Each structure stands twice: as C-alpha cells, then as structure tokens.
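Asks: Here is my input, please return the structure:
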Amino acid sequence: MNAVDAPLLSLTNVESAYGPIKAIRGVSLEVMRGQIATVLGSNGAGKSTILKTISGIIDPRKGTVTFQGEDITAQDPAQIVRRGLVQVPEGREVFPLLSVFDNLQMGGYTRRDRDGFARDLEQVFAYFPVLRERSHQNAGLLSGGQQQMLAIARALMSAPTLILLDEPSLGLSPRLTKEIFDIVVRINRERGTTILLVEQNANMALNAADYGYVLENGRIVMEDTCARLREKEDIKEFYLGMKEAGARGERRWKKKKTWR
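Replies: Numbering: from 1, shown residues only. All right, here's what the predicted structure looks like:
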C-alpha cells in the first residue's frame, strides 16, 4: 500500500481503561485522508475514550495508534498536536476568562508562520462571523453554540491535518446542531481537513460522514459506508428511530438491551 492509499489514522486492537474498568476493548479502525469518519454509540459506549486515547490523554493498555505512518501510541498530547492532530473536546472547554481572540491565539500557539496564521484567522471568521463580532468578548460569556464554534475555530488555528471532534451537538438546539454540522462538512470539503467525529446524533453524523463505525460496550460491532449504514435495519431502529425497521430489530432490542 502506498502513502496515498494508506490510512491517515489507524487503531489496532486498542484497549483503554479507567482503573479496573475497561472502556474500550480491542478497537480497530481506520480513517482515510480527506475523509469524515464517525463513531456512533450510546452514552458510555466508549466513544470519547477512543478520542482521548488517540490524542494521548489516556495511555492504552494494549494496541497501537498510528498517525501518518508513525506510531504515536501514548505520546505526549502536546507532541501529538505538533504532528497535526488536534481534539475538540466534549463540552467545548474554551478558556472562559480569555477573549475570543486570545482563545484563537492559543489554538495557534505551536505556529511560527505569521502570514499563515493571519490567513487562517480570516478563514475562521468567514466560517464563524459571530466570532469576529465578539472577538474582544470573554469566551465564557458566549452562548453554548458560540462556544462550540469557538472550540472548532481554535482547533483550526493549529492548521491540523486531522481533527477529533467529540459530541459537537451536545446541549445544542436542532438549528444550531445543523449549522455546526454544515460548517464541519465545509471545513472538510474546502480545506481538505480529515475529521473523526463521535456523536450520539446518528442522523446528523451519518449524513455528514463518509464512513462509520458502531461502538457497543467498548467494541466495534459494525462498520460500513454511511450510505449503507443508513439502510441497515438495526441502525434504522435503534439510532434513527424508524419503526418500520421490522420485527427482527425489535427481537434484538429485547434480547440485548444494549442499543440505548
């Protein structure tokens, strides 16, 4: 496999835990360059743990994480960011006492190219005009949706090759969720930025992403293109709420009690 065809990111049999509790169990997945990939799963399935393991926040007990052909397993998070992999955390996690502009500067703290930084700042303001309007306002005074925009914009200021996006719809209205997802797709298509998205809103994720994985109790139980996943009976029934998925899906629901 040549470099063009090789995955940008790959996890091989990764296992991570919080103390004695295993959160992900033998997870293997790949994200191709230029792709939006998504991991779907219920609350507590281990989605965020996958992202934290990739970005170095959690050290895996087993397995390997490879980015751009290099083993980054358990590397320091700051070193991983410098390689071009950045995470947008669940719950936004902006610096509330810093201005919007200072938050964006923090996103680009590893950069030394002033001209490139200025160009990216203008592009960020084009994606999120409200951030230009409020650039001198403390980030903690922004609405939830605006803070999510700032968190994504801050990640873009590092000029990443890959963004890990953790539950961007969390706590947002349907209108704001759609707006955020539309911008995520634009970022991918216009900048070529690869995105790995974890999300409970399966409908939005499957419509935005190219390839998807379904995580259940810390294990990948299904994977396919998002177009095909949208047509699978289990996905229709348990994630998209389509009742016509049929009796087979209902029997599995009663038997497993895990697709919640």
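
Asks: For I220, which non-adjacent residue is closest in space?
Replies: Nearest-residue entry for I220: Y213, 5.2 Å, with adjacent residues in sequence omitted and distances by CB to CB, 6 or more residues apart in numbering. (C-beta placed from N, C-alpha, C; glycine too.)

Asks: and Q200, what does it touch?
Replies: Going by CB atoms under 8 Å, 6 or more residues apart in numbering, Q200 touches 40-43, 167, 169-170.

Asks: cool, and M32?
Replies: 7-8, 194, 211.

Asks: Looking at those residues, which is nearest R92?
Replies: Nearest to R92 among the contacts of M32 is T194, at 21.3 Å by CB to CB.

Asks: quick one, phi/psi of the closest one?
Replies: Here is the backbone geometry of T194 (degrees, to the nearest 10): phi -80, psi 140.

Asks: which stretches of the stretch 151-260 of the chain aren't confidently modelled?
Replies: By pLDDT under 70, the weakly predicted segments of the stretch 151-260 of the chain are 241-260.

Asks: Just the buried residues of stretch 77-95, please?
Replies: Residues of stretch 77-95 classed as buried: 80-81, 84-90, 92, 94 (neighbour count, 16 or more other CB atoms under 10 Å).

Asks: least confident pick among the residues you listed?
Replies: Lowest-confidence member of the buried residues of stretch 77-95: R92, scoring 80 (pLDDT).

Asks: Where do the helices of this structure begin and end?
Replies: Listed in chain order, the helices of the chain (DSSP state H) span residues 47-54, 77-82, 100-107, 114-127, 129-133, 144-156, 174-191, 202-208, 226-229, 233-238, 247-256.

Asks: hey, which of the ones you listed is tucked in deepest?
Replies: helix 47-54 (a mean of 25; mean count of other CB atoms under 10 Å).

Asks: How about G69, nearest residue that isn't a chain neighbour?
Replies: A6 (6.4 Å).

Asks: Report the contact partners of T225.
Replies: Residues near T225 by CB under 8 Å, 6+ apart: 210-212.

Asks: Same list as before, those residues that is, but in a markdown table and with neighbour count included.
Replies: Shown next, in a markdown table, are the contacts of T225 (neighbours: other CB atoms under 10 Å):
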| residue | neighbour count |
| --- | --- |
| D210 | 16 |
| Y211 | 19 |
| G212 | 25 |
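
Asks: Can you pick out the ones from the residues you listed that are in strands?
Replies: The strands, defined by DSSP state E, take in 211-212 from the contacts of T225.

Asks: and of the contacts of T225, the nearest to R112?
Replies: Comparing the contacts of T225 against R112 with CB to CB places D210 closest, at 33.0 Å.

Asks: separation between L197 and L104?
Replies: Going from L197 to L104 by CB to CB, to the nearest Å gives 22 Å.

Asks: number of nearby residues for M222?
Replies: As a burial measure, M222 scores 14 neighbours (other CB atoms under 10 Å).

Asks: Run a quick neighbour tally on the residue nearest to I220.
Replies: Neighbourhood size, Y213 [other CB under 10 Å]: 25.

Asks: pLDDT averaged over stretch 35-48 - what is it?
Replies: Mean per-residue pLDDT for stretch 35-48: 92.

Asks: Quick one: distance of it to the chain centre.
Replies: How far stretch 35-48 lies from its chain's middle: 8 Å, per CA atoms, centre = their mean, to the nearest Å.

Asks: repeat for stretch 169-184
Replies: That offset, for stretch 169-184, works out to 14 Å (CA atoms, centre = their mean).

Asks: and if you look at stretch 222-233?
Replies: With CA atoms, centre = their mean, you get 19 Å for stretch 222-233.

Asks: Quick check: end-to-end length of that stretch?
Replies: The separation between the terminal residues of stretch 222-233, taken as CA to CA, to the nearest Å, is 12 Å.

Asks: Alright, that wraps it up for me.
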